[in-house]
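> Have a look; sequence and predicted model below, questions after that.
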Amino acid sequence: MKIPNSWTPPKYHFGQRVKQGEITGLEYHPPGTQRAYELGQGWSYTVLLDEYSDYVEIYKESQIELPTPESRKEILVNIGLYESRLAALKEQLEAEQWI
C-alpha cells in the first residue's frame, strides 16, 4: 500500500497486536470529509477484539494502546499451546502414515 505524501504515515500497521486486539484494517480520514467529521481527522484502525469471533471495533489512532508486559506473557502462553497442538497433529499424521 502506497500512502500519499500529503498524508501522515500510520503509527500502527496491519496485523499488529495491540492491547485491544489485532489490527485488521486501517483507514485515513482527510480533513473536510464525512468520515473525518464522524471519527476525527487522521487514521482509524479496525481491531479484531477476539481471535475466536468476528467482532471488531474501530479506534482512533489516539485510542490505540500497545500491549502490556502481561499481554506479552499471554501471547507466549498461546504460542506454547499452539506448538503443543501442532506437535500432537504431526504425531497423529505420522501414526497414520500420511506424511
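That came through fine.
> which of the residues in whichever strand in the chain runs longest are buried?
Using DSSP state E to define each element, the chain has its longest strand at strand 21-29. Applying a neighbour-count criterion of 16 or more other C-beta atoms under 10 Å, the buried positions in strand 21-29 are 21-23, 26, 28-29. To be clear about C-beta, it is placed using only N, CA and C from the backbone, and glycine gets the same treatment.
> now swap in stretch 44-58 and tell me
44-48, 56.
> next one: stretch 29-47
By neighbour count on 16+ other C-beta under 10 Å, the buried set for stretch 29-47 is 29, 39, 41-47.
> So which of the buried residues of stretch 44-58 belong to strands?
Using DSSP E, these in strands are 44-48, 56.
> Show me which pair in these is furthest apart.
Ser44 and Leu48 (14.4 Å; C-beta to C-beta).
> Tell me which stretches of this protein form helices.
For the chain, the helices defined by DSSP state H cover 34-39, 69-95.
> Out of those, which is closest to Gly15?
With C-beta to C-beta as the criterion, Gly15 lies closest to helix 69-95 of these, at 13.6 Å.
> And the pLDDT for the most centrally placed residue in the chain?
Geometric centre of the chain, nearest residue: Glu22, 1.9 Å, by C-alpha atoms, centre = their mean. As summarised for this prediction, Glu22 has a pLDDT of 93.
> Run through the bridge partners of it.
Arg17, Leu48 (DSSP bridges).
> if I read this right, it contacts Glu51, doesn't it?
Yes - with contact defined as C-beta atoms under 8 Å, Glu22 counts as touching Glu51 (7.0 Å).
> Fine by me, thanks again.
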